[in-house]
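[1] how does the following fold in three dimensions:
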Amino acid sequence: MSWIKRNAETVTAIGTAITALVAVLALAGVKLQIDATQQLHDTQAGKEIYREFLSLSIKNPELARPGDCPNFTPDRAISYDFFVEHLLFTAEEAVLFDENLALSFENLLSNHGYAICGEAAWTGYTEDVNKMISRTQKRICPEYPTCSE
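    Here you go, the predicted structure:
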């Protein structure tokens, strides 16, 4: 007991240091948990956005895969233009949450050479979507057939 009395200040200092270390580690653990929860939320949000677009595609297969030179009625052509715009907007939103979805959207975009190759300048999108459009144009437009209106 006399050792404890003699070294009380040292023991107290060590105890305080250990308590502070445990508190810092606990804060780091909380931060890691919050980050992991946010990452999970973002991934789920991105997948939900993607799932909703796939549902729209299933309901409108002629818009989702129009073929090389679709023969749309004037009303359906407007629907198709908005479908492609919706695809690009959805890609912007989903990729913000989950970068891994970029390739999936790029593959979907490949079905729309009629729109992508027919319009030289696609503007107003995020850098990621602009790159997606550019890569798709480089990949499919050189061999894309010329469609007569």
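
[2] pLDDT weak spots in this structure?
    The chain contains residues with pLDDT under 70 at 1, 120, 148-149.

[3] tell me who's in contact with the residue positioned nearest the centre of the chain.
    For the chain, the residue sitting closest to the mean C-alpha position, by Cα atoms, centre = their mean, is Val95 at 1.5 Å. Applying Cβ atoms under 8 Å, 6 or more residues apart in numbering, we find Val95 in contact with Gly46, Leu101, Ala102, Phe105, Thr126, Asp128, Val129. Yep, even glycine has a C-beta here, placed from its N, CA and C like the rest.

[4] swap in Ile14?
    Ile14 sits in contact with no residue, where contact means Cβ under 8 Å, 6+ apart.

[5] and the helices in the protein?
    Assigned by DSSP state H, the chain shows helices spanning 2-6, 8-59, 61-64, 74-97, 102-109, 113-116, 127-140.

[6] Cys147 is in contact with Asn71, isn't it?
    No: using Cβ atoms under 8 Å as the test, Cys147 is too far from Asn71 to be in contact (9.3 Å).

[7] more neighbours: these two, which one.
    Cys147 (14 against 10; other Cβ atoms under 10 Å).

[8] just give the closest residue to that one, not the sequence neighbours.
    Cys69 (3.7 Å; Cβ to Cβ, 6 or more residues apart in numbering).

[9] can you check Glu106 too?
    Once flanking residues are discounted, Glu106 sits nearest to Met132: 5.0 Å by Cβ to Cβ, 6+ apart.

[10] quick one: contacts for that neighbour?
    Taking Cβ under 8 Å, 6+ apart as the test, what Met132 contacts is Ala91, Ala102, Phe105, Glu106, Leu109.

[11] what of Ile133?
    Taking Cβ under 8 Å, 6+ apart, one finds Leu88, Leu109, Ile116, Trp122, Tyr125 in contact with Ile133.
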